[in-house]
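[1] Quick one, structure for this:
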Amino acid sequence: MEFNLHHLRMFLTVAKYENYSRAAAELFISQPALSAQIASLEKNLGFSLFTRYGRGVILTAEGQVLYEQVTVFLEKYDSINQVVTDIKSMKVGSVQLAATTTAGIYIVPALLGEYHRRYPNIELFLEINNRHQVERQLLNNQADLAVMGIVEHTNELSIEPFLPNELVVVASPEYHLHKVQRQYKLPELSEEPLLIRESGSGTRLDVENVLKELGVEFKTLVELGSIEAIKRGVAVEMGITVLPKQAIEVEVAAGSLKVLQVQGFPIRRRWCIACREGRKLSLAATVLKDYLLDWGRIFNSTLN
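    Next up, the predicted model:
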């Protein structure tokens with residue numbers, strides 16, 4: 001059998017009007033050309049589709065069976081075609097986005113607003129976890145993309161830096177170290193209690209790497225389960241901390257926290273966009289990734 005969608009649509013149009021002339025007018029072809037196309041379809045099928053009835057035609061029994069099936073088929077085809085069109089025009093789709101705690105709270109929400117305004121029908125799902133969990137989500141295909149800092153599984157993940165991540169030393173404005181206006185060396189601070197995140201956190205790994213690079217060991221570590229808890233602890237003078245600059249902007253502006261001047265700080269790191277190596281991203285996820293990278297390029301250009 002050799003026929004195509006065009007033949008099937010012509011068949012349905014003739015069945016709709018039960019008249020070749022009226023069907024031909026709707027299809028913008030001549031009546032003889034339409035008759036020839038239906039005759040060709042009947043020849044390929046091996047049975048008649050229509051029989052003469054007065055000045056028009058009606059479906060044969062075989063034609064009626066085919067009509068019912070073709071109607072369902074073309075409705076489904078048109079529905080699929082519309083879905084494809086909607087996907088291509090970003091009218092439908094979803095993105096599973098993961099983020100480490102700091103990025104998910106202080107970076108990502110501000111970036112997603114414009115993307116959502118451009119593509120309001122794309123569903124965005126943001127899940128915030130520590131670094132270990134985010135990497136696991138990517139490797140297990142539970143997330144399309146992630147925004148994070150340090151990445152360990154570099155052979156299994158595709159990493160693209162896009163925004164600066166500056167680590168600063170922070171204390172309460174009333175903390176005794178602020179009473180002397182000078183720049184400290186990090187070893188001078190090693191007697192102070194250092195408030196840090198839990199093991200598995202990207203922020204903690206950043207801090208541990210910085211201390212290792214500088215050969216500094218703090219005598220007292222206070223482990224807290226969130227950045228908010230750390231900031232509250234620092235505000236009531238439990239000790240000092242090292243945090244991404246973006247995480248303390250509100251508190252610094254309000255005067256509840258203050259950046260200590262420490263030699264070698266800020267430590268400059270990068271926020272990255274990560275996905276599993278070799279993963280074929282959906283159109284919605286690809287557009288989100290490109291949007292974030294473009295946003296990063298624009299932001300970085302303002303720093304030069």
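[2] where's I150 relative to R279, distance?
    For I150, the distance to R279 equals 20 Å [CB to CB, to the nearest Å]. The C-beta positions use only the backbone N, C-alpha and C, and glycine is treated the same way.
[3] And for H178?
    48 Å.
[4] Neighbour count for I150 and R279, which is higher?
    I150 (18 against 15; other CB atoms under 10 Å).
[5] got the residue ranges for the helices in the stretch 1-150 of the chain?
    Ranges of helices in the stretch 1-150 of the chain, per DSSP state H, counting those that start in this stretch, are 5-17, 20-27, 31-45, 61-88, 101-102, 108-118, 131-139.
[6] I'd like to know which elements the second one is packed against.
    This means helix 20-27. helix 5-17, helix 31-45 (3 or more CB pairs under 8 Å, 6 or more residues apart in numbering; DSSP states H and E).
[7] Please save the CA atoms from the last one in CSV.
    Output in CSV follows, covering the C-alpha atoms of helix 31-45 (Å, rounded to 0.1, in the frame of the first residue of the first chain):
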residue,chain,number,x,y,z
GLN,A,31,-12.6,18.2,-8.8
PRO,A,32,-11.1,15.9,-11.5
ALA,A,33,-7.7,15.9,-9.6
LEU,A,34,-9.5,15.0,-6.3
SER,A,35,-11.4,12.2,-8.0
ALA,A,36,-8.1,10.9,-9.4
GLN,A,37,-6.4,11.0,-6.0
ILE,A,38,-9.3,9.0,-4.4
ALA,A,39,-9.3,6.5,-7.2
SER,A,40,-5.5,6.0,-6.7
LEU,A,41,-6.1,5.5,-2.9
GLU,A,42,-8.8,2.9,-3.6
LYS,A,43,-6.5,1.1,-6.0
ASN,A,44,-3.7,1.0,-3.4
LEU,A,45,-6.1,-0.2,-0.7
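[8] related to what we said a few turns ago, among the helices of the stretch 1-150 of the chain, which comes closest to L195?
    helix 101-102 (14.4 Å; CB to CB).
[9] now the closest one: how far from the chain's centre is it?
    Taking CA atoms, centre = their mean, to the nearest Å, the mean C-alpha location of helix 101-102 is offset from the chain mean by 17 Å.
[10] residues contacting Y67?
    F11, L12, A15, L59 (CB atoms under 8 Å, 6 or more residues apart in numbering).
[11] So for it, what's the pLDDT?
    Here the pLDDT value assigned to Y67 is 94.
[12] of the helices of the stretch 1-150 of the chain, which approaches I240 most closely?
    The nearest among the helices of the stretch 1-150 of the chain, by CB to CB, is helix 101-102 at 17.6 Å.
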